[in-house]
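# Fold the stuff below for me.
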Amino acid sequence: GHASGGEASLELPDLSQVTVGGGFSGEGLLFIGLGVCVLGLAFGLWTYMQLKALPVHRSMLQVSELIYSTCKAYLTKQGRFLLLLWAFITAVILVYYKALIGFSWGRVLTIVAFSLLGMAGSYSVAWFGIRVNTFANSRTAFESLRGKPLGIDRIPMKSGMSIGMVLISLELLMMLIILLFLPHDIGGACFIGFAIGESLGAAALRIAGGIF
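Residues are numbered from 1 along each chain as shown. Down below sits the predicted model:
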């Protein structure tokens, strides 16, 4: 028969019963992916520490820290705005999934909780990206005084690698946690909530990446 609710009503299969190439179970393969995500986060943070340790002129550092202080004010204000938007989205979720679709309160609250988690993930990555970029700006300016192009290209490349690895690893880590550790019958609801929150955070914070 027809099941209402779209993807939020999906039940995930038992991945331990699935076998993939090489004799791995589906669950075992996802655990390997979990380790890869942790390594990706470690690589992004290690690259961040490398950037922080690069030489920089004191006056350039002061300018970059001034930029970062204004960015913190921007992010704080955007955080409040995001919470306001999330409150409206939560009201829509409650009306749609509870009143119209008829989901249980447990399933509806799962969607709401993971929407907040997804938004928090986007927000934290945006904050991390601005911090890395302000490090990279001042250190690239100082490196340009040497008159050699390699370092000038390498520093922005490292900052992009750091942000990209943290972004991808964090988002995949959250999705793998849903697949591996949460009950199969609420997996669809978790993914819907996570996608709503992550998209909301990304839409409101996308201008932050354009600053640099």
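# report the longest helix in the protein, please.
Ranked by residue count and defined by DSSP state H, the top helix of the chain is helix 105-144.
# Summarise which helices and strands it is packed against.
For helix 105-144, the elements it packs on are helix 26-53, helix 58-93, helix 149-181, helix 187-210, judged by 3 or more Cβ pairs under 8 Å, 6 or more residues apart in numbering; DSSP states H and E. All C-beta spots, glycine's among them, are computed from the backbone N, C-alpha and C.
# tell me the most buried of the ones you listed?
Mean neighbour counts were taken over the helices and strands packed on helix 105-144 using mean count of other Cβ atoms under 10 Å, and the top value, a mean of 20, falls to helix 187-210.
# wouldn't residue 186 be in contact with residue 107 here?
Yes. Contact criterion Cβ atoms under 8 Å: residue 186 and residue 107 qualify, at 6.2 Å.
# shared neighbours of these two, anything?
Counting by Cβ atoms under 8 Å, 6 or more residues apart in numbering, residue 186 and residue 107 have no contacts in common.
# related to what we said a few turns ago, what comes up buried for the longest helix of the chain?
Residues of helix 105-144 classed as buried by neighbour count (16 or more other Cβ atoms under 10 Å): 107-112, 114-123, 125-143.
# Go through the helices and strands packed on helix 105-144 and name the closest to residue 103.
Taking Cβ to Cβ as the criterion, residue 103 comes closest to helix 187-210 out of these, the separation being 7.7 Å.
# Next, the angle helix 58-93 makes with the closest one.
Computed with axes from the mean of the first three to the mean of the last three Cα atoms, to 10 degrees, the direction of helix 187-210 lies at 150 degrees from that of helix 58-93.
# helices or strands next to helix 187-210 in the packing?
Packed next to helix 187-210, using 3+ Cβ pairs under 8 Å, 6+ apart, are helix 58-93, helix 105-144, helix 149-181.
# If we use 6 Å, what do you get?
helix 105-144 (3 or more Cβ pairs under 6 Å, 6 or more residues apart in numbering; DSSP states H and E).
# wait, residue 136 sits on residue 154?
No. Contact criterion Cβ atoms under 6 Å: residue 136 and residue 154 do not qualify, at 10.2 Å.
# For residue 6, give its distance to residue 179.
19 Å (Cβ to Cβ, to the nearest Å).
# distance between stretch 63-70 and the chain's centre?
Centre-to-centre, stretch 63-70 and its host chain are 23 Å apart (Cα atoms, centre = their mean, to the nearest Å).
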